[in-house]
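1. Build me a model:
(one chain, ligands or ions: 1)
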Amino acid sequence: MQDCRLVADTIACRRGDRILFRGLSLAVRGGEIVHLAGPNGIGKSSLIRILAGLLRPYAGSVERSGSLALSDERLALDGHLPLDRALGFWRGIDGTHGQQPDFGLANLLDVPVRYLSTGQRKRAALARVAASEASIWLLDEPLNGLDTHWSCMAQLAIDAHRKAGGAVILASHQSLSIDHVTTVKLLDYSA
Ligand SMILES: Nc1ncnc2c1ncn2[C@@H]1O[C@H](COP(=O)(O)OP(=O)(O)OP(=O)(O)O)[C@@H](O)[C@H]1O
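-> Model (predicted):
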């Protein structure tokens, strides 16, 4: 696994005319998981977008080394394509062909993405991230919509990524049943 690091330094986030949080610093390196926690609307998704480079912080900076994959509420898979082709699009972009956890999707590969259930879509999103072979995973609510079995399997995949030297930052309302997780409570930084 490529060496990786993501460091956010004294970040402030403004949405509309409101500062959501300020003074937030965090760092994640290969072999580490950071869990962003906090109530609805505190700014977890906004922070994930800042860390991904999709949203400019109001203050502070983000530095990153290593490749990054993002899963958020946007599925990023073409709803009109069968799942296999939709995932294949990203394999082509990422230039990856390796074996990845299939997240129980083997029987769904010919199903158009728009027909997948909520949990199946979430598993497809995680499969896309895993297949990217990126060293840093940014996951916004990766367990939402998953049943007990697949929530467990998703956490095992996240932990396997960490053990392989990858880094994970995830936002979740759910408590995690994996070790080596550092929790960052956004409420501590709310403005
Ligand atoms: N483009 C925008 N313009 C103005 N306000 C926004 C915009 N996007 C989000 N917000 C506001 O920013 C706040 C934080 O939203 P965000 O989605 O980051 O919170 P969250 O902690 O992820 O919430 P949840 O737990 O409900 O997913 C919310 O009050 C939301 O309405």
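
2. any weak-confidence spans in the chain?
-> Applying pLDDT under 70 to the chain picks out residues 98-101.

3. where exactly do the helices run in it?
-> Assigned helices in the chain, in chain order: 44-52, 83-94, 118-131, 148-163 (criterion: DSSP state H).

4. Tell me how many other residues crowd the nearest residue to residue 97 once chain neighbours are set aside.
-> By the measure of C-beta to C-beta, 6 or more residues apart in numbering, the closest residue to residue 97 outside its immediate chain neighbours is residue 91, 6.7 Å from it. For every residue, glycine as well, the C-beta is placed using N, CA and C. When counting by other C-beta atoms under 10 Å, one arrives at 17 neighbours for residue 91.

5. picking that back up, I'd like the helices of the chain as JSON lines, with distance to the ligand appended.
-> What follows is these, written out as JSON lines (distance: least, C-beta to the nearest ligand atom, whole Å):
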{"stretch": "helix 44-52", "distance to the ligand": "3"}
{"stretch": "helix 83-94", "distance to the ligand": "24"}
{"stretch": "helix 118-131", "distance to the ligand": "14"}
{"stretch": "helix 148-163", "distance to the ligand": "17"}
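
6. quick one: the residue nearest to residue 97 and residue 133 touch, right?
-> No: Residue 91 sits out of contact with residue 133 when judged by C-beta atoms under 8 Å, with a separation of 9.8 Å.

7. Can you check which residues contact both of the two?
-> Shared contacts of residue 91 and residue 133 (C-beta atoms under 8 Å, 6 or more residues apart in numbering): none.

8. List, one by one, the residues from this protein near the ligand.
-> By the rule C-beta under 6 Å from any ligand atom, the part of the chain lying against the ligand is 15, 16, 20, 38, 40, 41, 42, 43, 44, 45, 46.

9. Specify which member of those is nearest to residue 183.
-> Comparing those against residue 183 with C-beta to C-beta places residue 38 closest, at 9.9 Å.

10. Wait, residue 113 touches residue 125, no?
-> No: judged on C-beta under 8 Å, residue 113 makes no contact with residue 125 at a distance of 10.2 Å.

11. which residues do these two both contact?
-> When contacts are counted by C-beta under 8 Å, 6+ apart, residue 113 and residue 125 have 75, 77 as shared neighbours.

12. Okay, the residue nearest the centre of the chain and residue 14: tell me how far apart.
-> Most central residue of the chain, judged by C-alpha distance to the mean C-alpha position with C-alpha atoms, centre = their mean, is residue 139 at 1.4 Å. Here the distance between residue 139 and residue 14 works out to 24 Å (C-beta to C-beta, to the nearest Å).

13. Just give the closest residue to residue 63, not the sequence neighbours.
-> With C-beta to C-beta, 6+ apart as the measure, residue 7 is the residue that lies nearest to residue 63, at 4.9 Å, once sequence neighbours are left out.

14. With residue 145 instead?
-> The spatial neighbour of residue 145 that comes closest, neighbours along the chain excluded (C-beta to C-beta, 6+ apart), is residue 118 at 4.0 Å.
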